[in-house]
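J.: Starting from these lines, generate the structure:
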Amino acid sequence: MTSIPKIDRFIRSKRNSIALLVERDSTLTVKAPIYASEKLINDFIFEKRNWILKKQDIAKEKYKHFVPKKFVEGENFLFLGENYELEYIDSLHSPILLDKKLFIIERHRNVTEKLILFWYKQQALKIITERLKFYSQLSGIQYNSFKITSARKRWGSCSRTGKLNFSFRLIMAPIEVVNYVIIHELAHIIEHNHSRNFWKLVSQYDSDFKTHLTWLKKHNYIAFVI
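T.: Alright, predicted model coming up:
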């Protein structure tokens with residue numbers, strides 16, 4: 001008899017149905033009602049086994065480059081589409097410096113992760129502020145406010161009230177891709193959908209938006225490395 005797929009995480013809660021979730025690392029999470037029997041759960045998983053295996057294959061391919069950072073010397077860190085090797089140095093005018101490599105003062109080695117994350121967020125705020133102002137003025141589209149977030153599943157978002165959000169992780173992408181996401185979210189202030197009119201508006205300010213959208217889809221794993 002064919003066995004059911006391996007369950008990596010099992011969660012019972014006050015829910016009414018069984019849910020299956022294939023994570024980005026291809027592991028299987030099962031969420032089930034508190035009183036659901038083991039037989040009912042196993043039968044459901046067996047019924048959905050082909051769907052599970054297909055999703056696991058997709059996840060393995062999509063995230064084959066996914067390697068969480070250890071924040072150690074010699075690792076590469078993406079910034080505006082370019083890789084910079086982390087290296088410790090005895091003396092700097094600031095705790096962290098980007099110049100051919102990503103330099104950090106040796107005495108701060110034990111807080112490397114905190115420094116790099118803070119630096120990414122600073123750079124994201126600076127660059128996105130500049131690019132957002134530029135495209136807002138160019139397009140004449142006014143936004144209410146914006147903030148930098150730590151989102152992993154969304155590079156950017158736009159509320160009905162014109163409030164924009166951008167993940168600091170976007171700053172790892174090439175500047176052309178950063179520009180695309182900014183244009184995309186500004187366009188949502190006018191068109192709250194992905195209709196033909198929306199894409200027509202986006203194309204007015206980024207004629208190569210399809211290439212930039214493809215880059216984001218292909219490199220989606222970078223949102224999970226830090």
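J.: Name the residues of stretch 173-192 that are buried.
T.: Under the neighbour-count criterion of 16 or more other CB atoms under 10 Å, stretch 173-192 has 173, 177-189 buried. C-beta here means a position set from N, CA and C on the backbone, and glycine is covered the same way.
J.: likewise stretch 102-120?
T.: Residues 102, 103, 104, 105, 112, 115, 116, 119, 120 are the ones in stretch 102-120 that count as buried (16+ other CB under 10 Å).
J.: Widest-spaced pair of the residues you listed?
T.: Largest separation among the buried residues of stretch 102-120 by CB to CB: 105 and 120, giving 17.4 Å.
J.: Where do the domain boundaries of the chain fall?
T.: With domains defined by automatic domain parsing, the chain comprises 9-62, 76-116, 118-224.
J.: Redo those as TSV? Include distance to residue 69.
T.: Output for the domains of the chain, formatted as TSV (distance: least, CB to CB, whole Å):
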stretch	distance to residue 69
domain 9-62	15
domain 76-116	7
domain 118-224	10
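J.: Could you dump these into a markdown table with mean pLDDT and distance to residue 3 added?
T.: Output for the domains of the chain, formatted as a markdown table (pLDDT from 0 to 100; distance: least, CB to CB, whole Å):
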| stretch | mean pLDDT | distance to residue 3 |
| --- | --- | --- |
| domain 9-62 | 91 | 9 |
| domain 76-116 | 94 | 40 |
| domain 118-224 | 96 | 30 |
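J.: since we're on residue 164, how many residues are nearby?
T.: Other residues within reach of residue 164, judged by other CB atoms under 10 Å, total 22.
J.: Find the helix or strand that it is a member of.
T.: strand 163-167 (DSSP states H and E).
J.: Let me see the residues that make contact with that strand.
T.: Contacts with strand 163-167, where a contact means CB atoms under 8 Å, 6 or more residues apart in numbering, come from 124, 128, 132, 143-152, 154-158, 181-182, 185-186, 223.
J.: Can you pick out the ones from the residues you listed that are in strands?
T.: Among those, the members found in strands (DSSP state E) are 145, 146, 147, 148, 149, 156, 157, 158.
J.: Show me which of those residues is closest to residue 40.
T.: Scanning the ones in strands among the contacts of strand 163-167 for proximity to residue 40, where the rule is CB to CB, the winner is residue 157, at 37.8 Å.
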